[in-house]
Structures are given as structure tokens and as C-alpha cells.
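Chemist: Could you look at this predicted model? Sequence included:
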Amino acid sequence: MEPITFFAILFGTSVVAGALGALLGLGGGIIIVPVLTLMAGLNIHYAIGASIVSVIATSSGAAATYVRDRITNLRLAMFLEIATTTGAVAGALVAGLVPGRILSVVFGIVLLHAAWTMVRARQGDGQTGVVGSPLATRLRLHGAYYDPSLGRRVDYQVTGVPQGFGMMWLAGLISGLLGIGSGVFKVIAMDIMMRAPLKVSTTTSNFMIGVTAAASAGIYFVRGDIHPFIAAPVALGILLGTVAGTQLLLHLRGAVIRKVFLGVLILAAVQMIWRGLEGSAR
Amino acid sequence: MKTLSKSLASDGVGRISRMELLISYVLRAGVLLSAGIIVVGVLRLALTHNTGYAPVLPHQLPDILAFHRASGPGFFPTDPTAVVHGALAGKPYAIIGVGMLLLIATPVVRVALSVVFFLVERDWLYMGITVVVLAVLLLSLVTGVG
């Protein structure tokens, strides 16, 4: 393959990954890593380095729009960030003690179960008469944003703070243990457990994944895992893709976003189970 | 709830505080700057056919992509100081590296600005939480670099 072809393929894939990532609150790694590993001769270290870059680019690329439009719930993000960081530290500490392959399969099944729950229980934005819990009120986690697809302001309340916090801790643990992004788990925690509107869940997850990825990006950079020729098309493609992704999020209905999310959720679950069975987890 | 109704105007869009606008502008500027620098690096690489480091010709893809440890022959810079020096010398891979470091820094800047945001809002609980998050973030960045 010519270098220019390689560059173009990576750039194109990254545009799609950036758009999907900004829309769904996930890092682009879920799409980029399989494409990268399909390319012959590419070292797994570079694939992981590119994945880290893609997560930060997705998060920062979308951030300016989401902050301005106030969809991201900053308090929710910061409160839950405590859970993910302590979870990630715990994960890194026990990484050698727990078999990553089995965990990968287990969490893959957890994702499939979450997909099933989402199909059965929730539709649309998922905000029909959610009454906030007293703890969420005390923590001031409720919010409001303007939704262009509905043409009105959406006031919402959240609930299930301990469950959401616990799930977030697990999300951190998984990323610490398996070295994978955990945007899917973050969206699930906010959507299923805390019952925030889907757009709030994905944009708040979008913020959080960037913070988590930045914490480890320095290590990867110094280690030499972030290759300029691979990271450059990924970063540029993703940043361009997020422009489309943020517009999609603003103007698509929650119900449509939910369907796209379900598709990617199932893809992620299959990937995790596959990695576990094949033995390439971690 | 009181602050919420106060800060969201009745026009539906919501009045955005000056601090939030500032955060939005800083993030956009940071992202555009890093993207611009990466583009410059890529263009320079395409025009000169020289990475600025160990002589791997760009048309030999397997050589470009074979894994090289940072301690190895040095196919691209991984030490932040070396990245900056290389970029100032006009080396394409170092220029891309500067763009990457800037991109990595944007979430950190965002959390730091959030501390100021909660300070302005006089929300001490969330200022405390955000300071803790920032401290953990900086600690892991520093221990990774140091």
C-alpha cells in the first residue's frame, strides 16, 4: 500500500468515527482500532496510541459546541469523574491479578444485556416524567438545555445516583484493566441508571472520555506509541467528523440517536466477547 | 434550582454565562490551533519527503509502521522538549508532535477552566470536586511524563 493511500483510508475512517463518536459519546477507537488492525503489519501499540488520540480529538472537537449549547451537564460530569478515575486506578492496580480475557467476555455480555434493556424499557429521549431523587437534588445534578430537534427547552431531573456512580466506577475499572475506552458504559450509566435525557448522557460522556484519555495520553506519547504518520490523519479526520456529529446530535431526535447507539452498542459487545475468546484482550 | 432559572432566560435558548462562552472559545481556539499545526506538519512532510528524523523514506510503508521504541533509533521524537526543539527546526514529525501535545492538553485546560467556572458561580462543592479531578489528571500526566 502506498503511504498516501494509507493516510487517505485512515483519514476517511476517522471522519466517520468522529461523527459517530461526537453523536454517541464514545471514543472513535471502537471504529478505528478494528480498521487499523485489519491493515497488515501495523503494531498494536500504534493502534492503541491512535485510539487514545481519537478519543481526545472526539471529545475536544465536539466540546466547544456542546458547552456553548449547554447540553453537557458539567456537574454530572465532574461528580462522575471521581468514580471513573478511582475506578481506573483500582483497575490498574489489580490489572495483573484478574484475567483480562474472562473480564472481556463478561463485560461483553453485560453490554448485550444493557442493549436488551434499552430495547425493551426505554424509548425516545427517555425522559418521561422522571422525578429526581433527593440525593440528585442535593448534588444539583438536574439541568436544562435547548433542543433544536424539539424546538423547545428541555428541563430534566436525574435519579439513581448510587447506581450510576457504581456503574461509572466499573466503567473506570474496565478502562484501567483492559485499556479500552468506556464511553459505552458511561452512556449506559447515565441513561439506564440515572435516567438523564439521551442527549445529555452522550454529550456528558463525550466530555468525560476526553478527560480520562488525557490522563493516560502523556504516558503513551512519551512511550512512543503515538506515531505521527498514524496519529495525524486520525486527529484531523476525527476533528472534521465531530463538526458533522455535533450538528447531527442537535438536530436528530433522541429516538433516532438511540437506535444508532444500540447498533454500536451491539458492535462493541461482540468486539469485547470476540477479544476475550480470541485471547487478544489487553 | 434557583440558579438554574436565573441563568436560563425565558427565550428558551438560555442565557449563556460569559465564563461558558470563554470556555467554548478557548476550546475551539485550542482545537483549531492544534489541527492547523498538524496540517502544517503533514504538508511539510508531503512536500519535503523527509520526516526530519531517521532516514525512513515515506514511500516505504512497512518501514514507517514497524514499531520503534522511543529508546530505539529515533524515528520520531517522544520527549516533549525534543518535540518543541524539532518543530522549531522545521522537522515535519516534530511539528505534528506539537499539534498532538496541544490536542492532549485541551481536556486539561477544560477542567482547569471549569474550576474557575464554579468559582465564579460560587459553587464550592463542585469547585472542590473539580479541583480533585484536575489534581488527579495532572498527577497522572506528570507521573507519565516524568
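Modeler: Here it is on my side, so go on.
Chemist: The helix or strand of chain A with the lowest mean pLDDT: how far from the chain's middle?
Modeler: Of all helical and strand segments in chain A, the minimum by mean pLDDT, DSSP states H and E falls on helix A:29-38, at a mean of 76. Distance of helix A:29-38 from the chain centroid (Cα atoms, centre = their mean, to the nearest Å) equals 15 Å.
Chemist: cool, and stretch A:29-48?
Modeler: On Cα atoms, centre = their mean, the centre of stretch A:29-48 falls 18 Å from that of its chain.
Chemist: is any part of that stretch close to chain B?
Modeler: Yes: judged by Cβ under 8 Å from any Cβ of the partner chain, stretch A:29-48 and chain B are in contact via A:41-43, A:45-46. C-beta here means a position set from N, CA and C on the backbone, and glycine is covered the same way.
Chemist: If any of those are buried, put those into a ChimeraX selection.
Modeler: Under the burial definition 16 or more other Cβ atoms under 10 Å in any protein chain shown, those of the residues of stretch A:29-48 next to chain B that qualify are selected in ChimeraX by:
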select /A:42,43,45,46
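Chemist: Let's have the residues of stretch A:29-48 next to chain B in a markdown table, adding pLDDT and secondary structure.
Modeler: Shown next, in a markdown table, are the residues of stretch A:29-48 next to chain B (pLDDT from 0 to 100; DSSP: H, G, I helix; E, B strand; the rest coil):
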| residue | pLDDT | secondary structure |
| --- | --- | --- |
| A:Gly41 | 60 | coil |
| A:Leu42 | 70 | coil |
| A:Asn43 | 71 | coil |
| A:His45 | 77 | helix |
| A:Tyr46 | 81 | helix |
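Chemist: As TSV, the residues of stretch A:29-48 next to chain B with distance to A:Ala57 would be great.
Modeler: Converted to TSV, those look like this (distance: Cβ to Cβ, whole Å):
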residue	distance to A:Ala57
A:Gly41	24
A:Leu42	19
A:Asn43	21
A:His45	19
A:Tyr46	16
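Chemist: biggest separation within the residues of stretch A:29-48 next to chain B, which pair?
Modeler: Using Cβ to Cβ, the two most remote members of the residues of stretch A:29-48 next to chain B are A:Gly41 and A:His45, lying 12.8 Å apart.
Chemist: Next, work out how far apart A:Ala144 and chain B are.
Modeler: 5 Å (Cβ to the nearest Cβ, to the nearest Å).
Chemist: Which element, helix or strand, includes A:Ser14?
Modeler: A:Ser14 is part of helix A:3-24, with elements assigned from DSSP states H and E.
Chemist: Show me what that helix is packed against.
Modeler: helix A:29-38, helix A:44-68, helix A:183-188, helix A:198-223, helix A:228-251, helix A:254-278, helix B:61-65 (3 or more Cβ pairs under 8 Å, 6 or more residues apart in numbering or on different chains; DSSP states H and E).
Chemist: just the ones you listed: most buried one?
Modeler: helix A:183-188 (a mean of 28; mean count of other Cβ atoms under 10 Å in any protein chain shown).
Chemist: That one and chain B, any residue contact?
Modeler: No: Helix A:183-188 stays clear of chain B (Cβ under 8 Å from any Cβ), getting no nearer than 13.8 Å.
Chemist: Name the surrounding residues that touch that helix.
Modeler: Residues outside helix A:183-188 that contact it (Cβ atoms under 8 Å, 6 or more residues apart in numbering or on different chains): A:21, A:24-27, A:30, A:55, A:80, A:84, A:111, A:114, A:118, A:167-168, A:170-171, A:174, A:201-202, A:204-206, A:208-209, A:261, A:264-265, A:268.
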